Structure formats: C-alpha cells, structure tokens
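Novice: fold the following and give me the result.
(one chain, ligands or ions: 1)
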Amino acid sequence: MATGLNRRNLLLTAGVAAAIGEPGPLLAQNATAESIAKAPTDASGVPNSEKKINIVTLRDLEVDAQKVMAPFGFAYVSGGAGDEWTMRENQAAFNRWVINADFMNGTGSADTTTTLLGTKLSYPVIAAPIGNQGSVHAQADLPNVKGTNAAGTLYCVSSVSQLSVEEIASAAEGPKWFQLYIPRDPGFAREMLQRAKAAGYKAIVVTADVNVTSNRERSMRLHGAALPNLKMGNAPKTPGVTGSAMDMKGNMDWKDIEFCRKESGLPVVIKSILSPTNAQQALNAGCSGIWLSNHGGRQLDNMAAPMTTLPAVASVVKGKVPIIIDGGIYRGQDVFRAIALGATAVALGRPLLYASALGGAQGVQAAHTHLKNELTMVMRLAGTSAIKNITRDFVARAEGSNGHV
Ligand code: FNR
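Specialist: Predicted structure coming up:
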C-alpha cells in the first residue's frame with residue numbers, strides 16, 4: 001500500500017484488534033477506544049455503525065454501503081471471480097421463472113415460519129457463512145450474528161472469522177451452525193469440530209469449493225491479493241497441533257464427510273453442490289443437508305446458478321434432506337421461487353454484509369425484517385398461507401426460457 005504500512009496491520013481493524021486482545025497499530029497510533037466507539041468508522045476506515053436504517057428494497061443496500069465502506073472491504077465483498085459472469089447469472093436465473101398467482105382462494109394471512117433440520121425459523125432465510133467480516137464492520141461478525149438471531153433465524157459462522165467459534169456462540173441467543181473449511185492438519189480439523197459441538201452449534205457445514213484461491217480481480221487490482229489479510233479468530237489450542245484456519249485441505253473427498261460427522265457428533269451439511277450427481281453422492285455419504293451454492297460467483301466463474309440446477313437436484317433429493325440455496329437473493333419473490341422449486345430455505349450473503357456496514361446489528365435485523373415482510377406480501381399476492389403450501393405449481397418457466405437463456 002502507498003503508506004508503506006504492513007498490509008496485515010492496515011487491515012487489522014480496531015474492533016477486531018480489541019476482540020482478540022491485541023492493540024491494532026492504527027488504533028494505537030491514531031485514536032482512543034472511546035473515539036472509536038463513537039465514530040462511524042474505525043481507524044482503518046472500516047464502518048463501526050450501530051443505528052436504525054430504513055430499507056425500501058435490499059437492492060439499494062450495495063450502493064448505500066459503498067459510500068460508507070473502506071475501498072478494500074467493498075471490493076472484497078462486492079466482487080466475484082473472473083468475468084463475474086456467474087455472480088450476475090445468480091440473479092438473472094431467478095427471472096427465468098414466473099410466479100403463478102391464485103388470488104381467488106380465500107386466504108387472508110400468510111405465516112412465514114418454518115423448520116430447518118429441527119430448528120424453528122421465523123422465515124425460510126438464514127445467514128450464509130461469511131469469513132473476514134472484519135473488513136465489513138469493526139465488530140466483525142457481531143452485528144451479523146446479533147441481527148440475524150434477533151430476527152428469529154439461523155446464523156452460520158465461518159471458520160475464517162476474526163472471532164473464535166466460542167466468542168460468536170456467546171454473542172447472541174439463537175440457532176447457529178458452524179461452517180468449516182477443513183484444515184490441512186487433521187488434528188486442527190478434529191479440534192474445530194469438537195469445539196463447535198461444545199460451543200452449542202447445531203450442525204457442521206462443509207464448504208467444498210475453496211480448494212484453491214480464485215481470481216477475484218477487484219480485490220487483486222486494489223490491494224494485490226484476492227483476500228484480505230486479517231487475523232484469524234480460530235487458532236489451534238490442542239498441544240502439539242499446528243495450522244491456521246486459512247491453511248485448508250486442498251484435496252477433499254466424500255470420506256471427509258464421515259470424518260466430520262464422527263468427530264463432531266453433529267449433522268453435516270455439504271455446501272457447494274450444484275449437480276444432481278453430486279447431490280446423490282452427498283446422500284450416499286450421509287449428509288443431512290445439501291446447500292446449493294457457487295460461493296456467490298466468487299470461486300469458479302462460469303458455473304451455473306443454483307436456481308438453474310435446483311429442479312434437477314430436488315428431483316434426486318426427493319425431500320430426504322433439506323435443500324438450502326444461496327446466490328443473488330434480494331427479493332421476497334426470489335425466496336418464494338426457490339421454495340416453490342424445492343428449496344427448504346435460502347441463505348443471504350452480501351445483503352447482510354451491506355446492512356451490517358450501514359447499521360450494525362440493527363441494520364442486519366432491519367434487512368431480515370424487510371425481506372420477511374416482502375415474502376409475506378408475495379405469499380399473500382400469490383395466494384398461499386404457509387411455507388409448506390408453496391409448491392411447484394406456483395412457478396412456471398418464463399416464456400421463451402428453457403432455463404438456460
Ligand atoms: C463468502 N462466502 C463464504 N462461504 C463459505 O462457505 N465460507 C466463507 O467463509 C465465505 N466467505 C465469504 C465472504 C464474502 C465477503 C462473501 C460475499 C461470500 C460465500 C457465502 O457463504 C454465500 O455462498 C454467498 O455469499 C451467497 O451469495 P450472495 O448472497 O452474496 O449473492
């Protein structure tokens with residue numbers, strides 16, 4: 001960077017530094033803890049807001065957040081891999097499906113509550129695992145987990161957070177899953193699985209699509225690397241065990257699912273599935289859930305959108321385990337169409353990050369409340385009163401679309 005400062009130090013935010021008990025160098029040089037707490041950004045320019053925000057549509061959040069986020073944080077969050085075709089395709093794929101409304105059915109209310117792997121949710125939307133939230137908000141994951149749990153839904157913690165699994169577990173009351181990038185060192189993998197179980201997480205999510213770092217060019221242009229270089233909250237505690245949360249196993253296979261089940265004693269959900277063949281393999285391997293995702297278009301560009309492959313995956317899964325999908329979800333209509341095609345729930349990535357940057361926990365809670373209200377409106381307009389009644393009959397391919405145009 002032009003200042004000549006070590007990049008790790010520059011990106012180590014004040015709030016994160018405080019959370020890990022280490023004085024951030026910029027905090028130490030430029031500001032007192034009191035002024036950081038009052039300031040809308042921390043000393044390295046990362047937002048530190050906690051305030052009410054008004055939301056007309058989640059689509060507005062990206063533009064608004066860009067105005068308050070540090071440039072490296074915005075590039076990291078908003079970008080995708082390569083040409084970003086897949087990132088755009090995730091949103092475009094929703095509009096290949098139209099909603100069939102049934103106005104004259106006498107329904108006068110809509111209940112958005114549902115259940116996911118035995119956990120009751122206020123609506124079928126959860127928070128996707130997001131690493132490096134220290135580049136989004138000075139309190140890293142805390143606004144997102146607090147806002148999501150306060151909205152009555154589930155938060156999935158990333159293993160590459162700036163805070164530890166224990167710190168996030170104790171930050172808010174409410175259901176949580178733990179997403180693991182399986183560490184290269186099996187001793188560290190075992191430790192993380194056992195710590196997640198001990199901290200009260202209800203399921204393990206194994207993300208498969210980060211076997212190598214991808215070409216995230218917005219970040220590479222801005223600071224010469226695809227990823228920010230932030231301090232990791234999860235470090236080995238077991239004597240003799242080494243490794244880092246960022247040092248991941250690059251050669252995963254289906255035997256890793258059994259390892260995760262055995263070591264954690266928890267249900268295992270596989271994230272990064274897109275094909276019916278992989279979905280069948282996941283069932284064979286004993287997965288308790290299948291999460292369709294291309295990482296928000298951030299890993300292998302030119303992959304299909306989850307919405308495109310959802311019908312074929314659902315016909316293989318046949319309701320045996322829940323299906324979660326993510327990528328490009330901004331509207332109640334998107335949630336509705338995913339449920340109609342066979343998803344049990346959907347997950348939000350970027351929209352909650354922008355909400356966190358803009359308003360902290362209140363911002364995240366407002367984003368959930370807005371989407372839940374929009375889903376209620378869509379259910380009422382479409383003529384369905386409960387999530388379980390959003391069936392395949394409510395959607396049809398948009399005219400002229402065969403699902404691939
Ligand atoms: C992610 N995603 C992700 N996935 C995961 O399994 N572990 C992780 O640590 C991260 N980290 C991460 C950071 C950032 C900044 C983003 C935007 C995404 C992917 C995430 O869980 C989810 O699949 C996508 O974000 C969904 O797409 P949308 O909602 O962002 O369009």
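
Novice: let me see the contact set for the residue in the stretch 201-350 of the chain that the ligand sits nearest to.
Specialist: Of the stretch 201-350 of the chain, the residue with the smallest distance to the ligand, taken as CB to the nearest ligand atom, is G349 at 2.1 Å. Any C-beta I mention is one placed from the backbone N, CA and C, and that applies to glycine too. With CB atoms under 8 Å, 6 or more residues apart in numbering as the criterion, the residues that contact G349 are 128, 130, 296, 326-327.

Novice: neighbour count, distance to the ligand and pLDDT added to these, as JSON lines?
Specialist: Written out in JSON lines, the entries for the contacts of G349 read as follows (neighbours: other CB atoms under 10 Å; distance: CB to the nearest ligand atom, whole Å; pLDDT from 0 to 100):
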{"residue": "A128", "neighbour count": "27", "distance to the ligand": "3", "pLDDT": "99"}
{"residue": "I130", "neighbour count": "25", "distance to the ligand": "4", "pLDDT": "98"}
{"residue": "G296", "neighbour count": "22", "distance to the ligand": "3", "pLDDT": "98"}
{"residue": "D326", "neighbour count": "28", "distance to the ligand": "4", "pLDDT": "99"}
{"residue": "G327", "neighbour count": "30", "distance to the ligand": "4", "pLDDT": "98"}
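
Novice: dump those residues to JSON lines, plus secondary structure.
Specialist: Converted to JSON lines, the contacts of G349 look like this (DSSP: H, G, I helix; E, B strand; the rest coil):
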{"residue": "A128", "secondary structure": "coil"}
{"residue": "I130", "secondary structure": "coil"}
{"residue": "G296", "secondary structure": "helix"}
{"residue": "D326", "secondary structure": "strand"}
{"residue": "G327", "secondary structure": "coil"}
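
Novice: of these, closest to R380?
Specialist: D326 (25.0 Å; CB to CB).

Novice: who does the closest one form a beta bridge with?
Specialist: The residues listed as beta-bridge partners of D326 by DSSP bridges are A347.

Novice: so it sits against L348, correct?
Specialist: Yes: the pair D326 and L348 passes the contact test of CB atoms under 8 Å, sitting 7.2 Å apart.

Novice: spit out the residues that contact these two alike.
Specialist: The contact lists of D326 and L348 share A128, where a contact means CB under 8 Å, 6+ apart.

Novice: give the closest residue to R337 in space, chain neighbours not counted.
Specialist: Taking CB to CB, 6 or more residues apart in numbering as the measure, R337 lies nearest to W97, with 4.9 Å between them; neighbours along the chain are not counted.

Novice: residues in contact with the one you found?
Specialist: Listed by CB under 8 Å, 6+ apart, the contact set of W97 reads 307, 337, 340-341, 395-398.

Novice: mind running it again at 10 Å?
Specialist: Contacts were defined as CB atoms under 10 Å, 6 or more residues apart in numbering; by that measure W97 touches 307, 310-311, 333-334, 336-338, 340-341, 394-398, 401, 403.

Novice: ditto for L116
Specialist: Residues counted as contacts of L116 (CB under 10 Å, 6+ apart) are 124, 126, 153-154, 175, 177, 202-203, 269, 289, 322, 324, 344-345.

Novice: and the contacts of G349, which two are the farthest apart?
Specialist: The two members of those with the most space between them (CB to CB) are I130 and G327, at 13.3 Å.

Novice: what's around the spatially closest residue to D393 that is not a sequence neighbour, how many residues?
Specialist: When the adjacent residues along the chain are set aside, D393 lies closest to N100, with 6.7 Å between them (CB to CB, 6+ apart). Here the count is done by other CB atoms under 10 Å, and N100 has 11 residues near it.

Novice: pretty sure N100 sits against R397.
Specialist: No: with contact defined as CB atoms under 10 Å, N100 and R397 do not form a contacting pair (11.2 Å).

Novice: tell me the contacts of the residue nearest to A101 when sequence neighbours are not counted?
Specialist: Spatially, and ignoring its direct neighbours in sequence, A101 is nearest to A382 (4.8 Å; CB to CB, 6+ apart). Counting by CB under 10 Å, 6+ apart, A382 touches 99-103, 105, 107, 110, 332-333, 336, 340, 389-390, 394-395.

Novice: which among the residues you listed count as buried?
Specialist: By neighbour count, with 16 or more other CB atoms under 10 Å, the contacts of A382 hold 99, 107, 110, 332-333, 336, 340, 389-390, 394-395 as buried.

Novice: save the residues you listed as TSV, and put in distance to the ligand, pLDDT and secondary structure too.
Specialist: Formatted as TSV, the entries for the buried ones among the contacts of A382 read as follows, by distance: CB to the nearest ligand atom, whole Å; pLDDT from 0 to 100; DSSP: H, G, I helix; E, B strand; the rest coil:
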residue	distance to the ligand	pLDDT	secondary structure
I99	21	97	strand
T107	30	87	coil
A110	24	98	coil
G332	15	98	helix
Q333	15	98	helix
F336	16	98	helix
A340	19	98	helix
N389	26	97	helix
I390	20	98	coil
F394	23	97	helix
V395	20	97	strand
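
Novice: need the overlap of contacts for I130 and G327.
Specialist: Counting by CB under 10 Å, 6+ apart, the residues touching both I130 and G327 are 296, 348-350.

Novice: bridging residues for the residue nearest to R337?
Specialist: Under the criterion DSSP bridges, W97 forms beta bridges with R397.

Novice: so what pLDDT did it get?
Specialist: W97 is assigned a pLDDT of 97 by the prediction.

Novice: tell me which helix or strand the nearest residue in space to I53 that is not next to it in sequence sits in.
Specialist: Ranked by CB to CB, 6+ apart and with sequence neighbours excluded, the top spatial neighbour of I53 is G359, at 3.9 Å. Following DSSP states H and E, the helix or strand that holds G359 is helix 350-382.

Novice: how far is that helix from where the chain is centred?
Specialist: Averaging C-alpha coordinates over helix 350-382 and over its chain gives two centres that are 14 Å apart (CA atoms, centre = their mean, to the nearest Å).

Novice: same question, stretch 65-85
Specialist: Its chain's C-alpha centre lies 15 Å from the corresponding centre of stretch 65-85 when counted by CA atoms, centre = their mean.

Novice: and if you look at stretch 93-110?
Specialist: Remark: stretch 93-110 is offset 27 Å from the chain centroid, using CA atoms, centre = their mean.

Novice: dump it to PDB, restricted to CA.
Specialist: Coordinates of each C-alpha in stretch 93-110 appear next as PDB, following Å, rounded to 0.1, in the frame of the first residue of the first chain:
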ATOM      1  CA  ALA A  93     -31.500 -17.100 -13.200                       C
ATOM      2  CA  PHE A  94     -34.400 -16.100 -10.900                       C
ATOM      3  CA  ASN A  95     -36.100 -14.200 -13.700                       C
ATOM      4  CA  ARG A  96     -36.400 -17.300 -15.800                       C
ATOM      5  CA  TRP A  97     -39.200 -18.400 -13.500                       C
ATOM      6  CA  VAL A  98     -42.600 -16.600 -13.300                       C
ATOM      7  CA  ILE A  99     -45.000 -16.800 -10.300                       C
ATOM      8  CA  ASN A 100     -48.500 -18.200 -10.900                       C
ATOM      9  CA  ALA A 101     -50.800 -16.300  -8.600                       C
ATOM     10  CA  ASP A 102     -54.100 -17.600  -7.300                       C
ATOM     11  CA  PHE A 103     -55.900 -14.600  -6.000                       C
ATOM     12  CA  MET A 104     -59.400 -16.100  -5.500                       C
ATOM     13  CA  ASN A 105     -58.600 -18.700  -2.900                       C
ATOM     14  CA  GLY A 106     -60.000 -17.100   0.200                       C
ATOM     15  CA  THR A 107     -56.600 -16.800   2.000                       C
ATOM     16  CA  GLY A 108     -56.400 -13.800   4.400                       C
ATOM     17  CA  SER A 109     -53.000 -14.300   6.000                       C
ATOM     18  CA  ALA A 110     -49.500 -15.700   5.500                       C
END
